[in-house]
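Participant: take a look and give me a structure for this.
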Amino acid sequence: MIREENGKIDVTFLMRKSCQMCHDVKNRISEYMRGNNSINYQIIDLDDHTIEFEKRHSSITPALWVNNRMWFAGGFEIARFDDKLKDLLQKKGDYHE
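Facilitator: Numbers count the residues shown, from 1 in each chain. Sure, this is the predicted structure:
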């Protein structure tokens, strides 16, 4: 569910430096996230072993997790992500058409 500490939605993008599709998706999702104050967005490079991440060895990339639930793995559709995120924000009360 939505984090209680700050009321924001957590979006975590998992990638690997060696994955070209990851870089393409990272560019699209990062542009989408720019300026969105309702979201805590972080990028985790699974090749960076200085970052602790419990799902490091079992993760398909690219992958997008929202509030600790996997929404996309091995690919990404921005329109579908937008629809799902709007639904989540409406439930939270932070999005109005």
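Participant: going forward, measure contacts and count neighbours with C-alpha atoms only.
Facilitator: Fine.
Participant: buried sites along stretch 69-76?
Facilitator: Neighbour counts using 16 or more other CA atoms under 10 Å place 72, 76 of stretch 69-76 among the buried residues.
Participant: actually stretch 52-72, sorry about that
Facilitator: 56, 60-64, 66, 72.
Participant: low-scoring pLDDT stretches of the chain, where are they?
Facilitator: Low-confidence segments of the chain (pLDDT under 70): 1-6, 53-58, 93-97.
Participant: now do the strands in it.
Facilitator: Taking DSSP state E to define them, one finds strands in the chain at 9-15, 39-45, 63-66, 69-73.
Participant: let me know which of these is the nearest to residue 22.
Facilitator: With respect to residue 22, and counting by CA to CA, the nearest of the strands of the chain is strand 9-15 at 5.4 Å.
Participant: that closest one pairs with which strands, and in what direction?
Facilitator: strand 39-45 (parallel), strand 63-66 (antiparallel) (DSSP bridges).
Participant: off-centre distance for the last one?
Facilitator: Looking back up the chat, that one is strand 63-66. 4 Å (CA atoms, centre = their mean, to the nearest Å).
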